[in-house]
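>>> Give me a 3D structure for the following:
(one chain, ligands or ions: 2)
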Amino acid sequence: MTTLQKQQLVVSVEEAIRHLCEGMSPAQTEKLPLEDCVGRVLAEDFFTPFPMPPFRRAAMDGYAVRSLTTLGAGPGSEVMLRVIAEIKAGSSLEWVEECTGRRSIDDMDAVRIFTGAPVPHRYDTVVMQEVVTPIKGEDGKPLWIGIDRPHPSGRHIAEAGEDLGPGKLILVKGTTIGAKEMAVLASYGLGEAVVYAKPKVVVLPVGDELLEPGAPLSANRIYDANGLVVTAFLKQLGVDVIRRKPVPDHPAILTKEIRLAAEQADVVITTGGISVGDHDYVERSAANAGFEPLFTKVLMRPGTPTSAFKKGDCLLFGLSGNPSACYSGLELLVKPTMQWLKGIKNYRIQWLKGKLEDSVGKPCPYPRYIRSIATMELGVWRISPLPNDKSGNIAAFAEANAIAVIPPGGRGAVKGEMISFLLLTHMANGGLTL
Ligand SMILES: Nc1nc2c(c(=O)[nH]1)N[C@H]1C(S)=C(S)[C@@H](COP(=O)(O)OP(=O)(O)OC[C@H]3O[C@@H](n4cnc5c(N)ncnc54)[C@H](O)[C@@H]3O)O[C@H]1N2
Ligand code: MOO
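Ligands and ions are numbered 1, 2, ... in the order given. The predicted structure is shown next:
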């Protein structure tokens, strides 16, 4: 087997994301019951179909009155209003009409009303029950109320449409549906929503040394961590994932696996076998399976050999085998691409700035993405780089909640310097030490 010279299509992280997303669009759309839409992305703009609230309603428990009738009220000169009916939440239109329809303009009346109940048009204000003196009948229900102060018009009434008028664009296509968005969609009684289909991903860990988790450890072998890491990462992003068992370092087998995966998935992700070693076959197997390279080197460390390829509408990521390089590839390249394919509009990595707590001496010609602990103190982020952050090490994963960027060049970064960092995706343990 001859060593194939690795093609050098070198890009920055930002360029890589652009290459990955260019010409790609979200998968198809589907209509789902609203409760199954959590975490999914709206594929249509949502315009309000009717006014919200849909009718004029009481915002407090008390009495609906005409403000005019309370004008002369004061301490010691209470106005007495006759309670002519009770209207509760859910009362029918007919009942509301029946209660007030035949009243004359001069009647001194009120209705007992509860929060969420329709307010008859006869009344223009709701008086909280705490500030009236009821005179109750034998059944304990109020017959009269005494009012000892004037009540201005419009109190404790939510007018129809005061929250949102009809025909308003309230959620745009590309919005992820979480609990907050549910509040809007469910309030309009939407039974189903049109969302983008989840991208499908096949994960192929590559390497003769890899063992399936659960198998007994044998000499000179390691467990396939990346296969499960990539799968977990994608699941947390709400993507459909199929994880394959480790594929051996064999070009024909790898070509077959890549071809098969590409038939089933929108995105194929390999880990390992992407560097310059004689047994790194991902690049040539990708070519044999009909993929064209988008880039074969990214100006980042770890993960410099990270590569990407495209065949029709299918993307193939060749992530690095070293676990921390693999993880950087996930956060920096896979996540923005997946968000794009999920249909999320304008997704950007959220770069924050923090004060470096320890100098990082190791210089690097590319930006270095180091696993760190980010803490917030009095409004200032502090970044403590974790020791032992070699590309092949896993210890730093246990504690890290951030990836910090050491700028490229000969000097690394010094304690006290303000550097960029990102908080890691979906911190299962809450993540932030605040
Ligand atoms: N002569 C050179 N050698 C290397 C270079 C270079 O520029 N010149 N680059 C180094 C860098 S940087 C990296 S990163 C690695 C990347 O190598 P690969 O992505 O091809 O990955 P492998 O060689 O297959 O494995 C690297 C390392 O990771 C372990 N590994 C692989 N898969 C998994 C997995 N699924 N779970 C856990 N650990 C995994 C593997 O056993 C190796 O120890 O290349 C350098 N070499
Ligand atoms: O690009 Mo590598 O991940 O630094 O060891």
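
>>> quick one: the closest residue to residue 290 other than its chain neighbours and ligand 2, what's the gap?
Residue nearest to residue 290 in three dimensions, not counting chain neighbours: residue 311, with 4.9 Å by CB to CB, 6 or more residues apart in numbering. From N, CA and C alone the C-beta is placed, and that goes for glycine too. According to CB to the nearest ligand atom, to the nearest Å, residue 311 and ligand 2 sit 25 Å apart.

>>> Which pLDDT value does the model give the residue in the chain that ligand 1 sits nearest to?
Taking CB to the nearest ligand atom as the measure, the chain has residue 321 as its residue closest to ligand 1, at 2.6 Å. Looking at residue 321, its pLDDT is 97.

>>> One more: the one 5 residues further on?
Taken from the predicted model, the pLDDT recorded for residue 326 is 97.

>>> what about it, is that helix, strand or coil?
Three-state assignment for residue 326 (DSSP: H, G, I helix; E, B strand; the rest coil): helix.

>>> isn't it right next to residue 226, touching?
Yes: with contact defined as CB atoms under 8 Å, residue 326 counts as touching residue 226 (4.8 Å).

>>> so what sits against both of the two?
Contact criterion CB atoms under 8 Å, 6 or more residues apart in numbering; residues shared by residue 326 and residue 226: 271, 319.

>>> Stretch 227-244: which residues count as buried?
Buried residues in stretch 227-244, counted by 16 or more other CB atoms under 10 Å: 227, 229, 230, 231, 233, 234, 237, 238, 239, 241, 243, 244.

>>> Among those residues, which pair sits farthest apart?
Using CB to CB, the pair of the buried residues of stretch 227-244 lying farthest apart is 238 and 244, separated by 20.6 Å.

>>> can you pull the buried residues of the longest helix anywhere in the chain?
Secondary structure assigned by DSSP state H gives helix 251-264 as the longest helix of the chain. Neighbour-count burial for helix 251-264 flags 251, 254, 255, 257, 258, 259, 261, 262 (criterion: 16+ other CB under 10 Å).

>>> How about residue 334: what's its closest non-neighbour residue?
Of all residues not flanking residue 334 in the chain, residue 317 sits nearest, at 6.1 Å (CB to CB, 6+ apart).

>>> and the helix or strand harbouring that neighbour, what other elements does it pack with?
Using DSSP states H and E, the element containing residue 317 is strand 314-319. On a contact count with 3 or more CB pairs under 8 Å, 6 or more residues apart in numbering; DSSP states H and E, strand 314-319 meets helix 251-264, strand 267-271, helix 282-288, strand 307-311, helix 323-329.

>>> and the angle from it to helix 251-264?
Compare the direction of strand 314-319 with that of helix 251-264 by axes from the mean of the first three to the mean of the last three CA atoms, to 10 degrees and you get 130 degrees.

>>> List the buried residues of strand 314-319.
Using 16+ other CB under 10 Å as the test for burial, strand 314-319 gives 314, 315, 316, 317, 318, 319.

>>> what does the model give the spatially closest residue to the second one that is not a sequence neighbour for pLDDT?
What sits nearest to residue 315 in space, not counting adjacent residues and going by CB to CB, 6+ apart, is residue 267, at 4.8 Å. Per-residue confidence (pLDDT) for residue 267: 98.

>>> Surely residue 267 and residue 341 touch.
Yes: Residue 267 lies in contact with residue 341 (CB under 8 Å); the separation is 7.1 Å.

>>> What parts of the stretch 51-200 of the chain come near ligand 2?
Residues of the stretch 51-200 of the chain found near ligand 2 (CB under 6 Å from any ligand atom): none.

>>> and stretch 126-145, how far from the chain's centre?
In terms of CA atoms, centre = their mean, to the nearest Å, the centre of stretch 126-145 is set 48 Å apart from its chain centre.

>>> what about it, how long is it end to end?
13 Å (CA to CA, to the nearest Å).

>>> what about it, average pLDDT?
Stretch 126-145 comes out at a mean pLDDT of 97.

>>> Quick one: residues in contact with it.
With contact meaning CB under 8 Å, 6+ apart, stretch 126-145 is reached by 58-65, 70, 78, 80-83, 86, 110, 112-113, 119, 146-149, 151, 155-157.

>>> Which members of these are positioned in helices?
Among the contacts of stretch 126-145, no member falls in helices (DSSP H).

>>> Just the buried residues of these.
58, 60-65, 70, 78, 81, 83, 110, 112-113, 119, 147, 151, 155-157.

>>> residue ranges for the strands of the stretch 51-200 of the chain, please.
For the stretch 51-200 of the chain, the strands defined by DSSP state E, counting those that start in this stretch occupy 57-58, 62-65, 79-87, 109-113, 125-128, 132-136, 142-147, 157-158, 169-171, 192-196, 200-205.

>>> so what does the last one touch, helix or strand wise?
Under the contact criterion of 3+ CB pairs under 8 Å, 6+ apart, strand 200-205 touches helix 226-236, strand 240-243, helix 251-264, strand 267-271.

>>> wait, does that strand contact ligand 1?
Yes: judged by CB under 6 Å from any ligand atom, strand 200-205 and ligand 1 are in contact via residue 205.

>>> mean confidence for the helix or strand just after that strand?
Using DSSP H and E, the helix or strand that directly follows strand 200-205 along the chain is strand 210-211. For strand 210-211, mean pLDDT is 98.

>>> do stretch 60-79 as well
96.

>>> Send over that stretch as CSV, restricted to the C-alpha atoms.
The C-alpha trace of stretch 60-79 is given here as CSV (Å, rounded to 0.1, in the frame of the first residue of the first chain):
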residue,chain,number,x,y,z
MET,A,60,-59.1,39.3,39.4
ASP,A,61,-61.7,37.6,41.5
GLY,A,62,-64.3,40.2,42.6
TYR,A,63,-67.2,42.2,41.1
ALA,A,64,-67.7,43.7,37.7
VAL,A,65,-69.2,47.1,38.1
ARG,A,66,-69.9,50.3,36.1
SER,A,67,-67.3,52.8,37.3
LEU,A,68,-69.8,55.6,37.1
THR,A,69,-71.9,54.1,39.9
THR,A,70,-68.9,54.3,42.2
LEU,A,71,-68.1,57.9,41.7
GLY,A,72,-69.8,59.2,44.8
ALA,A,73,-68.4,56.5,47.1
GLY,A,74,-66.2,57.4,50.1
PRO,A,75,-65.5,56.3,53.6
GLY,A,76,-68.7,56.5,55.6
SER,A,77,-70.8,57.0,52.4
GLU,A,78,-70.7,53.6,50.8
VAL,A,79,-72.4,53.0,47.5
